[in-house]
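Novice: predicted model and sequence follow; I will ask about them next.
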Amino acid sequence: MRSRRRTPPEQPDSGFSPFRETVLVYVTNRASRREIRAFGDLMVENVVELRLARVARAGRSLTDLSEAPTRNLLRAAAADLRHLEDFLLQIASDADIFVLSRSDRALCRFASHLARAVGAIHRTIERRLRRRER
């Protein structure tokens with residue numbers, strides 16, 4: 001007799017990937033998602049190598065840059081959190097659009113709660129960055 005176990009959901013790699021899972025969820029083919037992630041990883045590697053090569057050609061080191069990369073990285077984190085907040089709000093709005101089970105409506109409320117928390121985090125990052133720029 002065949003097992004009725006379902007295939008476990010695909011987990012993204014724990015490493016950095018420039019392609020958000022919130023976008024890849026719309027790519028239904030698992031192999032395609034893996035290929036897109038691999039392409040993203042390769043793209044990041046190439047961009048970093050190119051940046052390092054330009055800095056080296058200019059006779060500088062990364063520590064000689066006019067602005068520490070920390071600010072840019074935190075701006076990027078805030079942008080990703082804004083994206084996540086919007087994504088969670090989209091999930092929360094499913095309760096207004098679709099006929100959902102009681103448990104799924106509860107998940108929509110949970111997504112709304114998470115969106116508020118994520119929004120608070122990204123606004124805190126943005127405030128902190130503005131305060132330090134003055």
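Specialist: All right, it came through fine.
Novice: CA atoms for contacts and neighbours, from now on please.
Specialist: OK.
Novice: what's the domain layout of the chain?
Specialist: According to automatic domain parsing, the chain comprises the domains 16-66, 67-134.
Novice: and the shortest one, how far out from the chain's middle?
Specialist: Here domain 16-66 shows a centroid-to-chain-centroid distance of 13 Å under the convention Cα atoms, centre = their mean, to the nearest Å.
Novice: I'd like the distance between A95 and R105.
Specialist: Separation of A95 from R105 (Cα to Cα, to the nearest Å): 6 Å.
Novice: just A115 next, same as before
Specialist: According to Cα to Cα, A115 stands 15 Å off from R105.
Novice: if we can go back for a sec, now mean neighbour count and mean pLDDT too, for the domains of the chain, in TSV please.
Specialist: Putting those into TSV (neighbours: other Cα atoms under 10 Å; pLDDT from 0 to 100) gives the following:
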stretch	mean neighbour count	mean pLDDT
domain 16-66	13	84
domain 67-134	15	93
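Novice: now do the strands in this protein.
Specialist: Per DSSP state E, the chain carries no strands over any range.
Novice: can you pull the contacts of H122?
Specialist: Contacts for H122 (Cα atoms under 8 Å, 6 or more residues apart in numbering) come out as A77, A78, A79, L81, R82.
Novice: let's go with 7 Å and repeat that
Specialist: By Cα atoms under 7 Å, 6 or more residues apart in numbering, the contact list for H122 reads A78, L81, R82.
Novice: pick out whichever of those residues sits closest to R30.
Specialist: L81 (25.1 Å; Cα to Cα).
Novice: test my guess that that closest one contacts V118.
Specialist: Yes: contact criterion Cα atoms under 7 Å: L81 and V118 qualify, at 6.3 Å.
Novice: quick one on the thing from earlier: kindly indicate which of the contacts of H122 lies nearest T124.
Specialist: Nearest to T124 out of the contacts of H122 is A78 (Cα to Cα; 8.9 Å).
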